[in-house]
Structure formats: C-alpha cells, structure tokens
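**Student:** Sequence first, predicted model second:
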Amino acid sequence: MGATREKVSDTPAGEEIASSSSRLKFLSFKALRIGPYGRYAAMIIAFATGLRVLLDALGWPPTNADETTMGIMALNIANRGEHPYFFYGQDYMGSLEAYLAAIFFHLFGGPSLFALRLGVILLVTLFFVTTYLLASLLFSKKLALVTLLLLRVGSIPYLTRQMIATGGSSQTLLFGSIAFLLAAWLGLTYRRGAALRIKLWRLLGCACWALVIGLGLWSDMVVLPYFLMAGLLLLLFCWRDLLWAWVAMLPAFIVGLAPLLKYDSDKGLSSWNVLLGLVHGSSSVAPHTLSGITHNILATVQVSIPTATGYPFCPVLELPFLGDTSPHVLQCTIAHGVWGWGYLPLLAVALMLALSAVWRVFRSRENAGDEKRREWVRHVAQLLMLGAAALNILVYIMSSGPVDWPGFHARYLIGLLIVTPAVIAPLWSAASKLKPAPQLFERVKVYGSRAVLIVVWCILFTGTIIAFSEVPAAQAASQQRADLINHLLSVGATHIYTDYWSCNNLAFQSNERIICGVVDNNLQPSHNRAPRYYDIVHADPHSAYVFPVGIGQLPAVYRKVQQAGPEAYRRYEFDGYIVYVPVGK
C-alpha cells in the first residue's frame, strides 16, 4: 500500500484531476489536505524564505540609490498618503513593492531597510509556491521538489534580485508563473457541457488570469514573453470559454492595468514607448548589425545567462559600487562559457523533446477522449514555457541590454527562473531512473544526468555561502553610512548637494532628516528621482556639498569654493566623503 500511495502522489496533478467523477477534485476540501510532497515543499519554501529573511536581518545585500528611492516612495505612501503609480523617474516600472513596504513600515514600527525588503521576499515566497504547483501540474511532484531545491539557493546577484527592492524582478517571477499556472489549470480542466457551478469557477479563473496580466504589465513589461505564451496556451485550449469569459476578463485586466492607464493619461505619454526606447537604446555597437548581434550573443551567453541563473563564480558587475567584478581572465571566460553554453543545449534539448511529445500525442490514435486531451495540454504547456524562455533570450540579444553592461542588465533575463522545471525535466527524467538499462549509453545518460544535477546544486549552494561571507562588508558599509549621517547632522548639513548614488541612501536611512539634491559634474541638477528634494535644497542658500572622495563633481566644487573665498565654507572629511558647509549654517 505504501508503494502504491507513493506512485499516486508522484503523478502529475493533471492526472489526479482526471477522475471518473465530473467534479473537480482540487476544488473540494478533501483535495486541500497537504500530502507528504506538499509538506516537503513547505519545508523547502520555509527554508528559502528564512534564508532570505536572515540575510535581510544581517543587512545583506548592501543597498543602493535605486532601492532607497523605493524606500522614499514607501515613506511618501505611509506618511503622506501619496499614491505613486510608477517608480520615481522610470515611467515603465510599477510601484507595487513600495506599497508593500509601506505596509511593513506600519507593522514594524517605522521605516527600515529590513522592512523595505520584506515585501520583495513575500513576492518571491509566493513565486516558490506557484512554481511547486505549476511543476506538479505539468510534470510531477518529485520534479517540483527538485526544482525548489535548486531555486532556494544561488549566487550573490541571484539572491540580490530576490531581496533588494528595486522593482520588477519579483513581480516578473510571480506574475509570470501564475499566468502559466492559471492557463494550464484552465486548459486541463476544460469540459464541454460542464455544470453552472464549474463554469462560474472557470469564469473566476479567467478573471484572475486577466488581473494577473494587468498587474504584471504595470509592474514590468519584461514579463511580456511569458504572458504571450501563457495567453497562447489559454487561447488554444479554452477558446470556447473566452467567447463569454471576456465579460469578466476585460474589467479584471483594466483593474490590474489601471495605474499604468491612469499615469499615461495624466502625463500624456506611453509607458510602452518608454520601454521600447530603453530596449533599443543607443550604443556604438548597434545590435542590428552582424558585429553587434555577435557581440550581444557572446555577452548574453557568457555573462547575462550565468548571472541571471545563479552562477556564483567570477561575477561581472560593471558598476564597482554594486560589488566585486571578476577580471577578464581565461579561467573566468571558461567558467562562464561552460555554464552559459551548457544552459542553451539543455534548453534546446528540452524544446525538442517537448515538441516531439506534442507531435507524438497529436499523431496517437490511442487514449482518445479526456485523457488524451489532458496529455496534449500538458505537453503543449511545457513547450510554450520553453518557448517563452527562448523568446526572452532572443529579445534580450536584440536589445541594448548586453551591449555594454551584460552583468548589470542580466536582471532582464530573470524570467528564465520561471521555466526551470521545464528546462531540467530531461535531466530529471534520466536521473530518476532507479535501474538504468545495461546499454552503455543509457548508463552514461542516467549517471551523467545525476552528476549534472548534483554539481549544479553544489555550485548554487556555494553561491549562497559566498553571499554570507559578504555580510561583514555589507554591515561595515551600513555602519559607515550611519556614521556619515551622524557627522552631517552634527555639523548642520541637513540640506546637501551630492551624487545620485549617495543622495537617496542618505535621505532614506536618515528618515529624511537629510534632504539632498543630485547634481552632475557641472553642479547642475541631474537624476533627481524623489519629488521636491532638489527644490528644497536649491531654495536653501546654506546647502552643503557632500561628495565621495575622487568623484567627478569635486573639481567643480573646488572652483566654487575658491571663487567664494577661503572664509565662505568650512571643510570636513567624514567616512570617505568631502564636505563643504557654508559659513553661517
């Protein structure tokens, strides 16, 4: 009996749905009971979430100006009742993380970097839950667990994207996976002539799918390739539903997209055009030329894909203050190449096997009826998931993203994590065979697949260990920033001119006791995301100048100080910053 139960538990959820009864088992209270696989999944997800909360509590990863801009948005929501539609200064990225952070600010007694990140961690936790359900539905519960084991750990850039509140990434993961889950669920459970109660449940499912699409497009349009494929899946197998379900889907979609529509209406612009402009960009290496495409392919495969999928060694971060970057040495090139060029064949094999399975079911004359249809839906869903990953990579290659900063822009490939179960399915299919066939090829395939999965997990786990080794440096940087804030307050430098990467850090972490204006190398306003800040600073004739040692704005500051005379400013040097405070402040 025990063996029988294990076999049933590991069948795809689509087969579990196929009971002789016309009722949908997963809608009954009995089906809500968590079995052994569900308990294992809950433990893995709890570990993944706890890991990220622990790192957050320890002050890792180090923050940056983009994240603290989100923090200032959350402050404005929580304390001033403002309702920003988009990330300040970026008219294509929604502000969901700021609203979640505002809630956590209230729950935790005020603003903090720890509370700011809890909303992101919550969204990522929901992504893990959705991934388990999706993998169980389309593959098996064992593969779903293996997927979670791989996704729960990773490199510094991988974990950073799942913790830092800079917008887009966590929403792309969650909404992209939910879109596929709902589309697959609706496709697998379709029945002609279903009872009214079932039709109402399906109507609700369609409305939820449309709501997710709207929210996802508002949050970050990078998720679009996954929405397109999920929409195609819904259209292929639920087109009869869509003939009448659009009555609920259209309002739900508008509700999800309402912030974007309202913002574009008020501003008289198109967020879609803004995003297209960023995709095309401008560079000396044009992506539409042969040399540009070749460059982008190499940068994507050797840098962006490894960075996005969690490879921890030889990190490539083009902005030094975001972390260490590896030298361009042969060992790092080989290491990146093995991971990146290894991912593409794995994706290609998974695509070919999924296409073969779709063709096999299409040509089969056996198992006609509901069972064949469910098998058909599962294989097509798997194929479309893999197609979304391929489309994501193709669009990225043709964009300006990998031209100059393939490491920094790897975040635009974060959606590849959504299709992890589909990508590793061929490996797991071979690795899970208890008794491989005696032929040499079969034995190599089985043991080789097991070795690859184990090595990949070990590499990802090593990345997590490396992340913990960076905690002391992050804490030291945070303490240095706190010391700088205290020093600035002690000399009365509450209104300051500074650079972009310092400004909102100081404003947020001082709880706006310090207000800043961003200026360029000519001391002209530039990249002032937070509203009102620059105007406040500019209106104060006693605003100070605060810049890191060696930054490009300092020569202009020196000239201004010399022109004003030796008695006009007091000079300080605090925590790696040079400070000029006007006399009389």
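**Tutor:** Received, thanks.

**Student:** Please state the offset of the top helix by length along the chain from the chain centre?
**Tutor:** Ranked by residue count under DSSP state H, the longest helix found in the chain is helix 224-267. Distance of helix 224-267 from the chain centroid (Cα atoms, centre = their mean, to the nearest Å) equals 21 Å.

**Student:** Kindly report the same for stretch 451-466.
**Tutor:** For stretch 451-466, the distance to the chain centre is 20 Å (Cα atoms, centre = their mean).

**Student:** What of stretch 192-208?
**Tutor:** Counting by Cα atoms, centre = their mean, stretch 192-208 comes out at 31 Å from the chain centroid.

**Student:** Need the CA coordinates for it. CSV is fine.
**Tutor:** Taking Å, rounded to 0.1, in the frame of the first residue of the first chain, the C-alpha atoms of stretch 192-208 are listed here in CSV:
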residue,chain,number,x,y,z
ARG,A,192,-17.8,20.8,-22.6
GLY,A,193,-21.3,20.9,-21.1
ALA,A,194,-19.9,21.4,-17.5
ALA,A,195,-22.3,22.3,-14.7
LEU,A,196,-23.0,26.0,-14.0
ARG,A,197,-21.0,25.9,-10.7
ILE,A,198,-18.0,24.7,-12.6
LYS,A,199,-18.4,27.4,-15.3
LEU,A,200,-18.5,30.0,-12.6
TRP,A,201,-15.3,28.7,-11.1
ARG,A,202,-13.7,28.8,-14.5
LEU,A,203,-15.0,32.3,-15.0
LEU,A,204,-13.3,33.3,-11.8
GLY,A,205,-10.1,31.6,-13.0
CYS,A,206,-10.2,33.6,-16.3
ALA,A,207,-10.8,36.8,-14.5
CYS,A,208,-7.8,36.1,-12.1
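
**Student:** Report pLDDT for the nearest residue to Ile485 once chain neighbours are set aside.
**Tutor:** Closest residue to Ile485 apart from its sequence neighbours, by Cβ to Cβ, 6 or more residues apart in numbering: Ser510 at 4.7 Å. The C-beta positions use only the backbone N, C-alpha and C, and glycine is treated the same way. On pLDDT, Ser510 comes in at 96.

**Student:** show me what contacts the most centrally placed residue in the chain?
**Tutor:** For the chain, the residue nearest the mean C-alpha position is Ser169 (2.2 Å; Cα atoms, centre = their mean). Ser169 makes contact with 161-162, 220, 411, 414, according to Cβ atoms under 8 Å, 6 or more residues apart in numbering.

**Student:** how much space between it and Leu55?
**Tutor:** Applying Cβ to Cβ, to the nearest Å, the value for Ser169 to Leu55 is 16 Å.

**Student:** How many neighbouring residues does the residue nearest to Ile485 have?
**Tutor:** By the criterion of other Cβ atoms under 10 Å, Ser510 has 19 neighbours.

**Student:** before we move on, the earlier item: state the distance from the residue nearest to the centre of the chain to Gly94.
**Tutor:** 12 Å.

**Student:** What's the end-to-end length of stretch 158-169?
**Tutor:** Terminal residues of stretch 158-169 are spaced 11 Å apart (Cα to Cα, to the nearest Å).

**Student:** Stretch 101-113 too?
**Tutor:** Using Cα to Cα, the two ends of stretch 101-113 sit 10 Å apart.

**Student:** Can you give the contact residues for that stretch?
**Tutor:** Against stretch 101-113 from outside (Cβ under 8 Å, 6+ apart): 56, 59, 63, 70-71, 73-75, 77-78, 114-119, 165, 478, 508-509, 511.

**Student:** just checking, which of these belong to helices?
**Tutor:** Per DSSP H, those map to helices at 56, 70-71, 73-75, 77-78, 114-119, 478, 508-509.

**Student:** Separate out the buried members of the residues you listed.
**Tutor:** Neighbour-count burial (16 or more other Cβ atoms under 10 Å) applied to those gives 56, 70-71, 73-75, 77-78, 115-119, 478, 508-509.

**Student:** Check those residues and tell me the two furthest apart.
**Tutor:** Ile77 and Ser478 (23.8 Å; Cβ to Cβ).

**Student:** With adjacent residues omitted, what lies nearest to the residue nearest to the centre of the chain?
**Tutor:** Arg161 (4.6 Å).

**Student:** Tell me which residues touch the one you found, please.
**Tutor:** 169-170, 411, 414 are the contacts of Arg161 under Cβ under 8 Å, 6+ apart.

**Student:** Kindly report the same for Val471.
**Tutor:** Val471 sits next to 55, 58-60 when contact means Cβ under 8 Å, 6+ apart.

**Student:** can you list the residues you listed in JSON lines and add pLDDT?
**Tutor:** Formatted as JSON lines, the contacts of Val471 follow (pLDDT from 0 to 100):
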{"residue": "Leu55", "pLDDT": "97"}
{"residue": "Leu58", "pLDDT": "96"}
{"residue": "Gly59", "pLDDT": "95"}
{"residue": "Trp60", "pLDDT": "95"}
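
**Student:** Which of those fall within strands?
**Tutor:** Per DSSP state E, strands hold no members of the contacts of Val471.

**Student:** Residues in a beta bridge with Ile496, which ones?
**Tutor:** Note on Ile496: beta-bridge partners by DSSP bridges are Cys516, Ala544.

**Student:** I'd like the distance between it and Arg570.
**Tutor:** For Ile496 relative to Arg570 (Cβ to Cβ), the value is 14 Å.

**Student:** which one of the two has more residues nearby?
**Tutor:** Legend: neighbour count by other Cβ under 10 Å for Ile496 and Arg570, higher for Ile496 (25 against 16).

**Student:** wait, what's in contact with that one?
**Tutor:** Counting by Cβ under 8 Å, 6+ apart, Ile496 touches 488, 506, 514-517, 537, 543-546.

**Student:** which other helices and strands contact the helix or strand hosting Phe547?
**Tutor:** According to DSSP states H and E, Phe547 maps onto strand 544-548. Helices and strands in packing contact with strand 544-548 are listed as strand 495-498, helix 500-509, helix 554-564, strand 577-582; criterion 3 or more Cβ pairs under 8 Å, 6 or more residues apart in numbering; DSSP states H and E.

**Student:** Average pLDDT for the first one, rounded please.
**Tutor:** Right, strand 495-498. Here the average pLDDT along strand 495-498 is 97.

**Student:** Need the residues touching each of Ser169 and Gly94.
**Tutor:** Here Ser169 and Gly94 have Asp220 as joint contacts, going by Cβ under 8 Å, 6+ apart.

**Student:** burial count for the nearest residue to Ala42 once chain neighbours are set aside?
**Tutor:** In this structure, Ala42 finds its nearest non-sequential neighbour in Ile34, 7.0 Å apart by Cβ to Cβ, 6+ apart. Here the count is done by other Cβ under 10 Å, and Ile34 has 10 residues near it.

**Student:** now swap in Gly193 and tell me
**Tutor:** Residues lying near Gly193 (other Cβ under 10 Å) number 7.

**Student:** Val212 against Phe253, yeah?
**Tutor:** No: using Cβ atoms under 8 Å, Val212 is not in contact with Phe253, being 9.2 Å away.

**Student:** Looking at those two, which one has more neighbours?
**Tutor:** Per other Cβ under 10 Å, whichever of Val212 and Phe253 has more neighbours is Val212, with 25 against 20.
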